[in-house]
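>>> below are the sequence and a predicted model for it; my questions follow.
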Amino acid sequence: MDNYSDYLNIAASVVGTITLGPGLRSVIWVQGCPFHCEGCISPEWIVDKEAHLVKPEILAKELLENPEVTGITISGGEPMLQARNLTLLIQAARKIRDVDVICFTGFEIEKLRSIPMAPRVTDLLSNIDVLIDGKYIQDLNNNQGMRGSSNQRIIHLTDRLLSTDFEHITRQVEVRVLNGQLLFVGVPPIGMLPHLIKKVDLELQRIPQRMEEYEWT
């Protein structure tokens, strides 16, 4: 029987987006987070519960099923709580294709290098190209770049993505439908989410009318 610890517990994944880093990327969000940042855009992913369990090597194949994907972005939830299996995911992915990796974390890197679980975290850090660290602070959201708030740091752990200006990259959001629910992919500009939600609600209300207007043959 497989061991529960052999699986990643993820909240969601998307194959092929341009909103969370350079090029065409795949994104995963892990389930569970020790932080409860005010204004978190995904509070349902904070809860430490079983969401979707998947083996790292299987998820790697799914994330790279599109041959044009050149990178993987990892967010959450809190990725460092699943450091071992995320390391296995990245290693499996790079056996398929030499992808770059961006990872968000609520921990500061100094903490990550000193906490008891450091060996597993160190392995993960050694496989990441860019780390965006620090908790999200709503009052410090300056509406700039790929980080959520200005206290968060863009830390280049390799020189692979040095040419990308993460500090001033234009914020973008894609809307996806995943298992019947809306998924917003990206770092949203201030005020965008309420507007998008309202617009989507209006469109959903118009669906019955459109069905009636359609000429069935």
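Structure's in. What do you need? Numbers count the residues shown, from 1 in each chain.
>>> for this protein, what helix or strand is lowest in average pLDDT?
When each helix and strand of the chain is scored by mean pLDDT, DSSP states H and E, helix 192-213 comes last, with a mean of 54.
>>> got the contact list for stretch 96-104?
20-22, 25, 60-61, 64, 69-76, 79, 86, 90, 93, 124, 127-132, 160-161 (CB atoms under 8 Å, 6 or more residues apart in numbering). (C-beta placed from N, C-alpha, C; glycine too.)
>>> give me the buried subset of those residues.
Burial by neighbour count, judged by 16 or more other CB atoms under 10 Å, picks out 20-22, 25, 60, 64, 69-76, 79, 86, 90, 93, 124, 127-132, 161 from the contacts of stretch 96-104.
>>> now, those residues that are in strands?
Counting by DSSP state E, the buried ones among the contacts of stretch 96-104 place 25, 71-75, 130-132 in strands.
>>> could you give the mean pLDDT of stretch 164-175?
Averaged over stretch 164-175, pLDDT sits at 89.
>>> quick one: distance of stretch 6-26 to the chain centre.
Mean C-alpha position of stretch 6-26 versus that of the full chain (CA atoms, centre = their mean, to the nearest Å) differs by 6 Å.
>>> what comes up buried for it?
Per 16+ other CB under 10 Å, stretch 6-26 contains these buried residues: 7-14, 17, 19-22, 25-26.
>>> among those, which pair sits farthest apart?
For the buried residues of stretch 6-26, the farthest-apart pair by CB to CB is Tyr7 and Pro22; their separation is 29.6 Å.
>>> so where's this structure shaky on pLDDT?
1-4, 116-117, 180, 192-217 (pLDDT under 70).
>>> so Arg176 touches Leu183, yeah?
Yes - taking contacts as CB atoms under 8 Å, Arg176 lies within contact range of Leu183: 4.5 Å.
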